[in-house]
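Asker: Pasting the sequence and the predicted model now:
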Amino acid sequence: MTPQRPGAVTAAMWVLVGLIVTSGITALLTLVFADDLDASWAADRTDLGSVEPPAFAPVAITMFVVVALLAAVLMMFLAQGHNWARVLLSALVVLMGISTLASLRANPPTLFVVLSVVSLVLDLAAAVLLWHRDSRAFTSEAAVESHVGS
C-alpha cells in the first residue's frame, strides 16, 4: 500500500490537468483561427510564393491527443507513487514547454501568445511540484514499500 499522497503531488496533478486543458483549448483554437494563424505566419515572409503555410491544426490536435493520453496514464502511476512516472512527467512537461516556445516562432495571434504564457507558467509550476521534496519522498517511499512487499 502506498503512503498517503502529499499535497505537492496532488497539486502537481491538478496543475497537469490545467496544462492539458490549456493545450486542448489551444488545439481547438487552431481550428477556429486557422486563417489568422496562416496570415500571421505569412507576415514578413519573403519566400511566400515558394513555401506553403504549414498545417497547424492537424499537428496541434494530434499532439494534444497524444500528450493528453500519455499524461493521463503517467498521472495514474504517479498517484500510486511510481518514481519513474514522476520522472517521465517531468520530461513531458519540459518537452511541452519547448514545443510552446517553438510555436511562438510562427508569430501567432495575441490569443495564442496569452495561452502560451499561461502554459509556460503551468509547465514551470508542474516541474517545481514534481521535484518538490514531498513528491520525491512520496515516490521513493512507495518504491521502497513495493520492494519490501515482493
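Answerer: Looks like it came in fine.
Asker: can you pull out the helices in the chain?
Answerer: For the chain, the helices defined by DSSP state H cover 7-32, 34-42, 56-79, 83-103, 110-130, 133-149.
Asker: Counting by contacts, list what the second one packs against.
Answerer: Using 3 or more C-beta pairs under 8 Å, 6 or more residues apart in numbering; DSSP states H and E as the contact criterion, the elements in contact with helix 34-42 are helix 56-79. Where you see a C-beta, it was placed from the backbone N, CA and C, and this is true even at glycine.
Asker: got any ranges where the protein has weak pLDDT?
Answerer: 1-3, 44-45, 47-49, 142-150 (pLDDT under 70).
Asker: switch to 50 and redo it
Answerer: Along the chain, segments meeting pLDDT under 50 span 1-2, 147-148.
Asker: for residue 132, phi and psi?
Answerer: phi -60, psi 150 (degrees, to the nearest 10).
Asker: Tell me how many other residues crowd it.
Answerer: Here the number of neighbours of residue 132 (other C-beta atoms under 10 Å) works out to 17.
Asker: which residues touch it?
Answerer: For residue 132, the contacting residues are 8, 12, by C-beta atoms under 8 Å, 6 or more residues apart in numbering.
Asker: quick one: it from residue 126, how far?
Answerer: Computed as C-beta to C-beta, to the nearest Å, the residue 132 to residue 126 distance reads 11 Å.
Asker: any residues in contact with both of these two?
Answerer: residue 12.
Asker: Mind putting the helices of the chain into JSON lines with mean neighbour count and distance to residue 50?
Answerer: Listed next are these as JSON lines, based on neighbours: other C-beta atoms under 10 Å; distance: least, C-beta to C-beta, whole Å:
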{"stretch": "helix 7-32", "mean neighbour count": "18", "distance to residue 50": "24"}
{"stretch": "helix 34-42", "mean neighbour count": "16", "distance to residue 50": "12"}
{"stretch": "helix 56-79", "mean neighbour count": "16", "distance to residue 50": "19"}
{"stretch": "helix 83-103", "mean neighbour count": "17", "distance to residue 50": "23"}
{"stretch": "helix 110-130", "mean neighbour count": "18", "distance to residue 50": "26"}
{"stretch": "helix 133-149", "mean neighbour count": "15", "distance to residue 50": "50"}
